[in-house]
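1. Need a 3D model of the sequence below.
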Amino acid sequence: MNTESSLSVVLAGGGTAGHISPLLAIANALREARPGVRLLAVGTPGGMEARLVPAAGLDLATVSRVPFPRRPSVDLLRLPGRLAGAVKQAGVILEEAEADVLVGVGGYVCTPMYLAAWRRKIPIVIHEANTRPGLANRVGARLGGHVAVAFADTRLGASRHVGMPMRREISGLDRTAARTAARAALGLDPDRPALIVTGGSSGAQSINRTIAASVGLLAEAGIQTLHLTGRGKAVHDAGGKPLAAPGYQQREYVDGMETVYAAADLLLARSGAATVCEVAAVGLPAVFVPLPIGNGEQALNAAGLVAAGGALLVEDSTFSPGWVSEHIIPLLQDPDRLARMAASAEKLGIRDADQRMAGLVLEAAASAKAKSLKAKPSTQHSRKR
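-> Okay, the predicted model is just below:
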């Protein structure tokens, strides 16, 4: 453990924006809470973190990606050797950083980092973003990590419910105050009900198809729609031209989701952990269409907010123009119901999760340091011997 006055924290995670965003938010909160803290992020060479982490001004080290095969295969036979190699890489990184604490947010890189930290008796702090924990964080929890979770229903050791660390532009958003400027920036009418649709940075083809088939219904109801299709997934009409309708516009993406959250009366989206936590924090009514593949975690992520009345949920296979007509259009024509949903969402929202995580990291570091000092014999005792 680093004996200097400065604190050294290594943060591990990556692969998706859902891991990288909270990692960066925690890093910024640590800088604020402990000026002079030394930070190092660790990811894999081919993950999104290779671009996003350095762009955020944080140094990045990498460990070889070690996927865990779910079925018997040649890769499964190679797993022990690959994992041992990654753990060795992780150990070198921790030692060179003189790490006082390891923070893990999930992803392939976390398993070798947790194992390397455990071997060196470096305290581990874990943030689990999903209601159904990932394998890496389950390993970290079994190794005695201090566990924090984004959702109260997550079961992962003796966890602490802290919420989802997010960018301050989102956690500090006042939707009412920012609404006019946000609508102007996105080219939306300041007075008409606004539906904003997003499938995330990679888009969602099934959502895109249903919205493309519903633009006429929405326009007839006086609703304007901003459709964020995802990169390379522009929606076209039968003639191959970009889809057009009164009050409808499409873009591949928008930089800065805080602008979207401020401008929308209703958000239609997948229910990734970050999206669910962010709309709750800012008090934005939502309709969630969980990803139909995987382990069902997206439906679980949305369950609490839906039960509280802050959002609606529809299965991907059920989401159709008929469902839009029956549920979304009446909702956007009912300002009182939207206001009740917004209030219900905001009651569940947590805006200071980044600060809570920074506090937990500092707490873990202080506890480990106290134990280390207690374990050392006093100078007087040493002389008597």
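
2. From here on, just use CA atoms for contacts and neighbour counts.
-> Will do.

3. low-confidence ranges in the stretch 101-250 of the chain?
-> Scanning the stretch 101-250 of the chain with the threshold set as pLDDT under 70 gives 200-203.

4. switch to 80 and redo it
-> Applying pLDDT under 80 to the stretch 101-250 of the chain flags the ranges 200-203, 238-239.

5. Show me the helices in it, by range?
-> 110-119, 135-142, 168-171, 175-186, 205-220 (DSSP state H, counting those that start in this stretch).

6. right, so of these, which gets closest to Ala86?
-> helix 110-119 (5.8 Å; C-alpha to C-alpha).

7. picking up where we left off before, switch the helices of the stretch 101-250 of the chain over to CSV; also include distance to Thr318.
-> CSV is the format used below for the helices of the stretch 101-250 of the chain (distance: least, C-alpha to C-alpha, whole Å):
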stretch, distance to Thr318
helix 110-119, 36
helix 135-142, 30
helix 168-171, 31
helix 175-186, 30
helix 205-220, 10
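
8. And these: which comes nearest Ala55?
-> Nearest of the helices of the stretch 101-250 of the chain (C-alpha to C-alpha): helix 168-171, 16.9 Å.

9. still on that earlier bit, return the most buried member of the helices of the stretch 101-250 of the chain.
-> Of all these, helix 110-119 has the most neighbours on average by mean count of other C-alpha atoms under 10 Å, namely a mean of 24.

10. Of all the helices of the stretch 101-250 of the chain, which one is nearest Lys371?
-> Closest approach to Lys371 among the helices of the stretch 101-250 of the chain (C-alpha to C-alpha): helix 110-119, 15.4 Å.

11. list the contacts for Tyr248?
-> Residues counted as contacts of Tyr248 (C-alpha atoms under 8 Å, 6 or more residues apart in numbering) are 215, 219, 224-227.

12. three-state assignment of the nearest residue to Pro292 once chain neighbours are set aside?
-> Spatially, and ignoring its direct neighbours in sequence, Pro292 is nearest to Asp316 (6.2 Å; C-alpha to C-alpha, 6 or more residues apart in numbering). What DSSP: H, G, I helix; E, B strand; the rest coil gives for Asp316 is coil.

13. pretty sure Asp316 contacts Ile293?
-> No. Counting by C-alpha atoms under 8 Å, Asp316 does not reach Ile293; the two are 9.9 Å apart.

14. and those two? which has more neighbours close in?
-> Each of Asp316 and Ile293 has its neighbours counted (other C-alpha atoms under 10 Å); Asp316 has more, 16 against 9.

15. ok, that one to Gly145 distance?
-> Distance, Asp316 to Gly145, using C-alpha to C-alpha, to the nearest Å: 36 Å.

16. Which among the helices of the stretch 101-250 of the chain is found nearest to His161?
-> helix 135-142 (14.6 Å).

17. Figure out how far stretch 159-169 is from the centre of its chain.
-> The chain centre lies 9 Å from the centre of stretch 159-169; the measure is C-alpha atoms, centre = their mean, to the nearest Å.

18. Would you mind listing the buried residues in it?
-> By neighbour count on 16 or more other C-alpha atoms under 10 Å, the buried set for stretch 159-169 is 159-167.

19. ok now do the residue nearest to Pro292, which residues does it touch?
-> 206-207, 289-292.

20. mind running it again at 7 Å?
-> 289-292 (C-alpha atoms under 7 Å, 6 or more residues apart in numbering).

21. farthest-separated two in those residues?
-> Val289 and Pro292 (8.4 Å).

22. With neighbour numbers in mind, choose between the two.
-> Val289 (26 against 14).

23. what pLDDT does that one get?
-> Looking at Val289, its pLDDT reads 96.

24. Just to check, it is in contact with Thr275?
-> No. Applying C-alpha atoms under 7 Å as the test, Val289 and Thr275 come out as separate, 11.7 Å apart.

25. Please, where are all the strands along the chain?
-> Under the criterion DSSP state E, the chain contains strands at 8-12, 38-43, 60-62, 101-104, 124-128, 146-149, 160-161, 194-198, 224-228, 248-251, 266-269, 286-288, 311-313.

26. Need the contact partners of the fifth one.
-> Translated: strand 124-128. With C-alpha under 7 Å, 6+ apart, strand 124-128 has contacts from 101-106, 114, 137, 145-150, 361.
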